[in-house]
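Asks: Starting from these lines, generate the structure:
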Amino acid sequence: MNGQSRWFLLFVILSLISIFFYPATSYAAQSWMKYFRKDTLLNTYMRAYAVSGDLLYVGTYGDGLVIYSGDSTRNVNTKNSRSSPEVRDGLVCDNITAMCLDERNGRLWIGTIEGLSSCALDATDWKTYTTRDGLPNDVIRDIAVDANGLVWVGTPSGVGVYDGQTWKVYDANNGLYENSVHSITVQGDTVWVASVGGAVSRFKDGTWKLFMRN
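Replies: Residues are numbered from 1 along each chain as shown. Just a heads-up that it's a prediction; the model follows:
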């Protein structure tokens with residue numbers, strides 16, 4: 001048996017070992033839990049998720065925010081936000097479109113079709129932001145928090161950036177290729193913004209750079 005044949009035989013043996021043993025050790029200790037509307041789900045149209053420790057936040061389109069903690073389930077929506085003191089200024093809209101967890105500052109950011117809400121991780125201390133506060137549009141498509149704690153919010157009318165006090169808007173007039181933003185990603189000190197039309201805008205060191213489709 002030549003060297004090449006020996007390497008091939010070794011490859012086959014290792015492949016067989018991985019097939020027969022790896023799944024058992026990798027998945028034996030794991031199990032899937034299924035949740036249905038008849039159990040704990042209020043709405044099966046789920047648009048966004050976030051996880052903090054043993055808390056799972058689920059944003060639904062129609063029934064607000066669902067929080068799972070162990071075996072307990074809590075729902076925050078516009079109806080109980082008006083009646084519960086701890087969420088008196090709560091969720092602005094039950095149609096959730098995006099969520100972002102800012103664990104460093106202990107905040108959950110929730111985008112809807114009628115504005116932006118934020119709360120503490122225990123779903124108290126609610127705040128609401130709309131175009132009246134400085135957002136470029138009340139329809140929220142994506143949310144990201146950068147390394148400096150700035151909150152980036154993508155909308156059909158550009159990006160709103162919140163520093164904890166004021167909003168700054170970026171659109172096609174001052175950096176973006178197109179106003180209609182669909183996705184935002186943070187990578188270190190760099191923010192990437194995807195717009196309609198196939199272009200990506202990069203924000204780094206205070207300046208924008210466009211990357212166009214050929």
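Asks: What distance do you get for Leu116 to Asn174?
Replies: 21 Å (Cβ to Cβ, to the nearest Å). Just so you know, the C-beta spots here come from the backbone N, C-alpha and C atoms, and that holds for glycine as well.
Asks: So between these two, which is more surrounded?
Replies: More neighbours surround Leu116 than the other of Leu116 and Asn174, with 25 against 10 (other Cβ atoms under 10 Å).
Asks: hey, what's the more buried one bridged with?
Replies: Gly111, Tyr129 (DSSP bridges).
Asks: And the pLDDT for it?
Replies: Per-residue pLDDT puts Leu116 at 97.
Asks: ditto for Lys79
Replies: At Lys79, the predicted lDDT confidence score is 76.
Asks: which SSE is it in?
Replies: helix 78-83 (DSSP states H and E).
Asks: Show me the contact partners of the helix or strand hosting Ser118.
Replies: In this assignment (DSSP H and E), Ser118 forms part of strand 115-120. Applying Cβ atoms under 8 Å, 6 or more residues apart in numbering, the external contacts of strand 115-120 come out as 76, 87, 90-93, 106-110, 125-131, 135, 138, 140, 143, 153.
Asks: list the contacts for Val151?
Replies: Residues counted as contacts of Val151 (Cβ under 8 Å, 6+ apart) are Cys100, Asp102, Trp109, Ile143, Ala144, Val145, Val161, Tyr162.
Asks: What of Asn137?
Replies: Under the criterion of Cβ under 8 Å, 6+ apart, the contact list for Asn137 reads Thr131, Thr155, Pro156, Ser157, Gly158.
Asks: Only whichever of those are buried, select them in PyMOL.
Replies: Buried residues within the contacts of Asn137, by 16 or more other Cβ atoms under 10 Å, are selected in PyMOL with:
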select buried, resi 155+157+158
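Asks: Quick check: of the contacts of Asn137, which lies closest to Leu121?
Replies: Thr155 (24.7 Å; Cβ to Cβ).
Asks: residue contacts, the closest one?
Replies: Each residue near Thr155 by Cβ under 8 Å, 6+ apart is listed here: Leu135, Pro136, Asn137, Asp138, Val139, Ile140, Arg141, Val181.
Asks: Can you get me a residue count around the fourth one?
Replies: The burial count assigned to Asp138 is 20, neighbours taken as other Cβ under 10 Å.
Asks: is it true that it touches Tyr129?
Replies: No. Asp138 is beyond contact range of Tyr129, at 9.1 Å (criterion: Cβ atoms under 8 Å).
Asks: mind giving me the domain ranges of this protein?
Replies: 1-31, 32-211 (automatic domain parsing).
Asks: tell me the most buried of those?
Replies: domain 32-211 (a mean of 17; mean count of other Cβ atoms under 10 Å).
Asks: what separates it from the chain centre, distance-wise?
Replies: Remark: domain 32-211 is offset 6 Å from the chain centroid, using Cα atoms, centre = their mean, to the nearest Å.
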